[in-house]
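Undergrad: Okay, predicted coordinates and the sequence, questions at the end:
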Amino acid sequence: LLLTVDRQPKARPGQLLPFRRSCYHFPRVGPEMSRFLAGRFSTLRQFPLHQTHVSPGKIDMTISPQTGSTRRDFLQTSAAMGTAFWVASNQESWAAPKSPNEKIRFACIGVGGKGSSDSADAGRHGDVVAICDVDSNTLNKAGNRFKNAKKFNDYRDMLTKMADSIDAVTVSIPDHNHAPASAMAMKLGKHCFTQKPMTHSIYEARQMAILATKNKVQTQMGNQGTASSKLREGAAIVQSGVLGQIKEVHVWTNRPVWPQGGPRPKAATPPKHLNWDAWLGPAPERPYGNGYHPFAWRGWWDFGTGALGDMACHTMNMPFMALNLKDPVSVEATNSGHNKDSYPKSSVITYEFPKLGERNAVKMIWYDGGERPAQKLLPKEHKVPRTGSLLIGDKGMLLSPGDYASNSNIVIGVDTPKVDFEKSPGHFTEYARAITDGKPARSNLPEYAGPLTEVVLLGNLAVWAEKKVEWDAKTLTPKNAPEVKQIVRREYRKGWTL
């Protein structure tokens, strides 16, 4: 057993001070556990030990995290020491650091809508020291929850002024602002949680994955179903081979539940509580209109990514995990018609994925706006649910009802196998654990969320082009459709950068 006790002077918010830690080591836990604890002790060598006194059963040390080490190392080492015994006994849990100096300091960009729950998650896993929202009404309401947090209307101002006082950010704002905000934070060395879809364009998704790796930050996308045991079980069932080779994947949603396919709202004066310029961010200049903020922006090409971008990072998630559905070679779409300003009311999008390893080539079809797979794909006793996914193999099928693949796994045609999979302590907890322990979250940007977002957003190229688009994933090149390059990589308004 390892018992740690910290004694430290009182610190101002955001201040990091030396502290004295007493570690009581009770060796009667067996040689294996002793070796484990010894390994955890060795991580303290990242920090200068100004005074060390060893007595039977006790180690006292004074640690100065200001000399020759980073706060990122300090958080990880403190977590390793403070939860060493716990880690050994339960790999699926995580304990939030108790010491003020060890807590993760979050800045939350966007605190309304999904940002309300994301900032609440941040508050449960650390200290929210700064909040930002372009809507002052929303900002002040969040300020009542986070009374000690500094408030900002522009994330650029917040990140510049708070750079030395934060460890991590949450980004929960309209799609077109995801990448600029996240990129700025990562360039400052801040860990980054970004809502789905990770970005507004495919180029941004590739660049954000590169930035995360370059700056050695922990990341996560807000597709919370990734942590669901049912989703992970479904992926493991497919990977067990019981369904045989998967030939087709069908994924569908009941979105959009906002207006699409129509004209712009009439120009109006922005309300006084809304910073319209900051809301527009990198998007082209246009007048404010009733209906963009706070919700229906999803239906506009300049701001959102349509029903596909809104939901596919959830509903495609299990098939993507199960089949490693990266780098499609083509995409084709039919839709209800659109004006290239607002997304169509409905669409059906077909992706073609090449053979990969032992997996054969796969066709995946996406449906939205009331479109769904044909009932004849399923036996009569099974109905096509309102939303979900269906994977069809040459031996059996897997039907996963719901948006997040978290409800049930209905295996059809073969017996349901027992499968093993890694359970999650919780989606946001994976992000916090990554920051303190160094183990990347499953939906981290470079390895998982980035490739998933690229696949999702590729479908919108076919919606725009209204023809089959041949795709070179390595170079992000639409080989036969130069007209969609502006969708692959958009231009930013002056004052906004990636």
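TA: Yes, it's here. In this text the structure is predicted, and so the values were computed from the model without any measurement. Residues are numbered from 1 along each chain as shown.

Undergrad: List the buried residues of stretch 184-204.
TA: 184-186, 188, 190-204 (16 or more other CB atoms under 10 Å). Bear in mind the C-beta positions are built from the backbone N, C-alpha and C, glycine included.

Undergrad: Filter these down to the ones in strands?
TA: 191-194 (DSSP state E).

Undergrad: just these now: which is nearest Arg442?
TA: Phe193 (13.1 Å; CB to CB).

Undergrad: Tell me the pLDDT of that closest one.
TA: Here the pLDDT value assigned to Phe193 is 99.

Undergrad: now swap in the one 10 residues further on and tell me
TA: If you check Tyr203, the pLDDT there is 98.

Undergrad: Name all residues that make contact with it.
TA: 476, 488-490 (CB atoms under 8 Å, 6 or more residues apart in numbering).

Undergrad: from what I can see Pro284 touches Arg493, true?
TA: Yes - contact between Pro284 and Arg493 holds when scored by CB atoms under 8 Å: they sit 6.3 Å apart.

Undergrad: SS state for Pro328?
TA: Taking DSSP: H, G, I helix; E, B strand; the rest coil as the rule, one finds Pro328 in the coil state.

Undergrad: same deal with Ala181?
TA: Going by three-state DSSP: Ala181 is helix.

Undergrad: Can you list the residue ranges for helices in the stretch 351-498 of the chain?
TA: Applying DSSP state H, counting those that start in this stretch to the stretch 351-498 of the chain gives helices spanning 427-437, 450-465, 485-488.

Undergrad: Let me see the mean pLDDT of the longest one.
TA: For helix 450-465, mean pLDDT rounds to 98.

Undergrad: Between the two ends of stretch 98-108, what distance do you get?
TA: 21 Å (CA to CA, to the nearest Å).

Undergrad: For Ala374, grab the count of nearby residues.
TA: Residues within reach of Ala374, counting by other CB atoms under 10 Å, total 8.

Undergrad: Please name the nearest non-neighbouring residue to it.
TA: Val384 (8.0 Å; CB to CB, 6 or more residues apart in numbering).

Undergrad: dump the residue contacts of the one you found.
TA: 372-375, 377-378, 390.

Undergrad: what about 10 Å?
TA: 250, 252, 367, 372-378, 390, 399, 401 (CB atoms under 10 Å, 6 or more residues apart in numbering).

Undergrad: Find me whatever residue is spatially closest to Trp279, sequence neighbours aside.
TA: Using CB to CB, 6+ apart, the closest residue to Trp279 is Val134 (4.6 Å).

Undergrad: is it true that that neighbour touches Lys151?
TA: No - at 11.9 Å, Val134 and Lys151 do not qualify as touching, with contact defined as CB atoms under 10 Å.

Undergrad: who's in contact with Gly388?
TA: By CB under 10 Å, 6+ apart, the contact set of Gly388 is 250-253, 315, 318, 372-373, 399-405, 407-408, 410.

Undergrad: Just the buried ones among these, please.
TA: Burial by neighbour count, judged by 16+ other CB under 10 Å, picks out 250-253, 315, 318, 372-373, 399-405, 410 from these.

Undergrad: helices or strands next to the helix or strand hosting Asn137 in the packing?
TA: Counting by DSSP states H and E, the element that carries Asn137 is helix 136-145. Judged by 3 or more CB pairs under 10 Å, 6 or more residues apart in numbering; DSSP states H and E, the packing partners of helix 136-145 are helix 114-125, strand 126-132, strand 150-152.

Undergrad: which regions of the stretch 1-150 of the chain sit below the pLDDT cut-off?
TA: Within the stretch 1-150 of the chain, the segments meeting pLDDT under 70 span 1-70, 73-74, 76-93.
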